[in-house]
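Chemist: this one's sequence-less:
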C-alpha cells in the first residue's frame, strides 16, 4: 500500500474509511456468488495490490472526497474490472503467478478463469448501476471496450519487432491508461462532472507512465519486487518500449529473432543486453515526462486536491525507485 | 428467422423496422472497433441466428412496440451479450463450428476469442448506457453475472453423473434463462416498467424450455439442423436432462462412466441408447410444460401483446418439431 500511504495523509481520514468500505464490499461480492467463485475470484480480489484505481476515484471526486455510496460503488466497479482483466490476461499469458500467488488459470484452468473474469466484469457493471448514473456506465464501458481492444492489439502485434513507439503507446493507452482515465472520470462524475475531462486526461497520462514503468520493471527485475519473473514480456512476445529502444541501439538485438527467446535463461540474457543499451533509462525518462505532463493539468483544481493527485502521480514513479 | 416470421405478422410492421435498425447497429459496431474485431466479432454478429432475444425485447415493450432509440439499444445490448457468451462458450468447449461456420476460437485461437468476447460484453453495456436507465443496466448485469455463474457451474459439474434434475434446471436458469428474462425486463422497462416482473418470469420459463430442447437436439441430431455434431454435450462432459433421465431408465447407461465417451462415434452410440430409453420424449414434455406455464402468465397483458408472445413461446417449441 506504499503509494496510498502519503495520499492518505494528504486526503484525510476519509480515504481509509472509504477504502475499508471498498474492501468490505469486495469481500462480500467474492463470498456471495457461489462456492467456485468464492475460491477463485475471492483470491483475486483479496490479493489486493495497491488499490491505485479506487484511490484515483476518491481523489478525483474532491479532497476530502464525499463519503457517498456512489463513490464506493464506482471504486468497487473499477477495481472489479481491473480484477477481471488480470484474470483474463493471465489466461492469455498462461501466467502461473500473480502477486506471488498462483493465478486463477494456474489453479483452476482456462475455462474457470474465463468464466471468473466474465463474472467480475458483470459484477462491475452491476455495482455501477447502483449509482444510477448512465454517464458512469458509459465511461466504464468505454474503458472496458478499450481494454479488450488493447489485448487484441497486443496479440496481433506479438513477436513483431517492427512495432513503432507510437503503436506501443496506443496499445498502452488502450490496455492500461483507459481504466485510469475511467477511474478519474467516475470520481469526477460523483462530484458533479465538471472536471471529468481534465481529470480523465490526468488519469490517462499517469496510466501510460504506469504501463511504461511496468514494462521497464519486467526487464530490470528482480522478480521478488515485481511478483513475476524477469523477461516475461519477452517470453510472451510482447514488444515493449525498452525492447523497441534497445533494438535501435544494439545491432545484436536488432538481429535477434524475438521468437528465439524461449527459456527464462534466454529472457534473462536478453534483458541484460537491453539494460546495457541504456534503454531502461530512456523508457523511464519517457514515463517521468508523462507524469510531469499529467501534473501540469492540475493547477485549475483546488489546492488540496491538486496536492493529493500529485502525490499519486509521484507514487506511480516511486514504484520504480 | 423461422420463429420471427409469424411474430412479425402478429407484431406488425414495427418489428421488421426495429430489427433492421438492430442489424445496422450491430454491423456498425463490428466495423467500428478495429480490424481484428471486425474480422472476428463481425463474423459472430453477422452470423445472425434467430435474433430471438431482440424480438423478446420488442414484444415485451408492447405490441406494436415503441420505435424508440432505447428499445433498439436494449435489443442490441442483449444480442451483444448473447454473442459474447457464444464466443466464450466456444473457448470453453473448444468448439470448431457455430451455426455451421468456424468459431472465433477455431479461427483465431483462445486468446483472441477471450478478448473478443470481453469486447462484445463491454459494447453491450456501452449500448445500454445510451438508454440512460440504471434499472436496465442492473437487469442486464444481473443476467451477465448469472450467465458466468452458469458457466462455472457447468464446469464444476462436468462428468458428474450424479447431477440432479434440480441442479440441472438451476444451471439452465443461470446459463440461458437469465438472458431471456433480461430481454423481457429490458423491453418492459422501455414501456415504463409496470410489467417487468411478469414478463421477466415469462422470459425465464421459455428460456428454460429453450435450453432443455437444445439439450434434446444435441442428443437427437441430426447435425445439419443443429449446426453442431451429435453428442457434443457428452464429449464435453455436460450432463443434460436426457442423460439424467436415461440413466435412471437404462442400467447400461447407469453403469457407463461418462469419461469413457471419447470419440464422436462413442457419443453417437450413447445418444442412440439415450433415445431408446424414451428420455427425449420425457425431456421434451418437460419443456412443453414450461412453455404452457409461461403462457399462463400472459392473460393480464393486452390482447395483441399476449398473442405475439404466445407465438414466440410456440416458436421455441417448433425448433424441435
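Modeler: Ah, there it is. Worth saying up front: this structure is predicted, and the values here are computed from it rather than measured. Numbering: from 1, shown residues only, chains lettered A, B, ... in the order given.
Chemist: need the strands for the stretch 1-150 of chain A, in chain order.
Modeler: A:97-98, A:101-102 (DSSP state E, counting those that start in this stretch).
Chemist: touching chain B at all, stretch A:167-186?
Modeler: No. Using CB under 8 Å from any CB of the partner chain, stretch A:167-186 never reaches chain B; the gap is at least 9.3 Å. From N, CA and C alone the C-beta is placed, and that goes for glycine too.
Chemist: which of the residues in that stretch are buried?
Modeler: Within stretch A:167-186, the residues scored as buried using 16 or more other CB atoms under 10 Å in any protein chain shown are A:168-169, A:171-186.
Chemist: same question for stretch A:245-262.
Modeler: Buried-residue list, stretch A:245-262, by 16+ other CB under 10 Å: A:245-247, A:250, A:253, A:256, A:258, A:261.
Chemist: what average pLDDT does it get?
Modeler: The pLDDT scores in stretch A:245-262 average 88.
Chemist: which other residues reach it?
Modeler: Residues from elsewhere that reach stretch A:245-262, judged by CB atoms under 8 Å, 6 or more residues apart in numbering or on different chains: A:159, A:161, A:231, A:234-235, A:237, A:239, A:243, A:266-267, A:270, A:273-274, A:276-279, A:282-283.
Chemist: can you say which of those are buried?
Modeler: So, by 16+ other CB under 10 Å, the buried ones in those are A:161, A:231, A:234-235, A:237, A:239, A:243, A:267, A:270, A:274, A:277, A:279, A:282-283.
Chemist: comparing the strands of the stretch 1-150 of chain A, which yields the minimum mean pLDDT?
Modeler: strand A:97-98 has the lowest average pLDDT among the strands of the stretch 1-150 of chain A, namely a mean of 64.
Chemist: kindly report the residues of the stretch 151-300 of chain A close to chain B.
Modeler: So far as CB under 8 Å from any CB goes, the stretch 151-300 of chain A lies against chain B at A:151-153, A:155-156.
Chemist: what's the closest non-adjacent residue to the residue nearest to the spatial centre of chain A?
Modeler: Nearest to the geometric centre of chain A sits residue A:176, at 5.1 Å (CA atoms, centre = their mean). With sequence-adjacent residues excluded and distances taken as CB to CB, 6 or more residues apart in numbering or on different chains, residue A:176 is closest to residue A:211, at 4.0 Å.
Chemist: what's near enough to touch that neighbour?
Modeler: With CB under 8 Å, 6+ apart, residue A:211 has these contacts: A:172, A:175-177.
Chemist: check residue A:189 too.
Modeler: A:74, A:133, A:135-136, A:139, A:196.
Chemist: just the ones of those in helices?
Modeler: A:74, A:135-136, A:139, A:196 (DSSP state H).
Chemist: burial check on the closest residue to chain B within the stretch 151-300 of chain A, number of neighbours?
Modeler: At 4.0 Å from chain B, residue A:151 is the closest residue in the stretch 151-300 of chain A, using CB to the nearest CB. Neighbours of residue A:151 under the rule other CB atoms under 10 Å in any protein chain shown: 25.
Chemist: before we move on, which element is it in?
Modeler: helix A:134-156 (DSSP states H and E).
Chemist: after that helix comes which helix or strand?
Modeler: Next element after helix A:134-156 (DSSP H and E): helix A:165-172.
Chemist: helices or strands up against that next one?
Modeler: helix A:134-156, helix A:196-220, helix A:241-249 (3 or more CB pairs under 8 Å, 6 or more residues apart in numbering or on different chains; DSSP states H and E).
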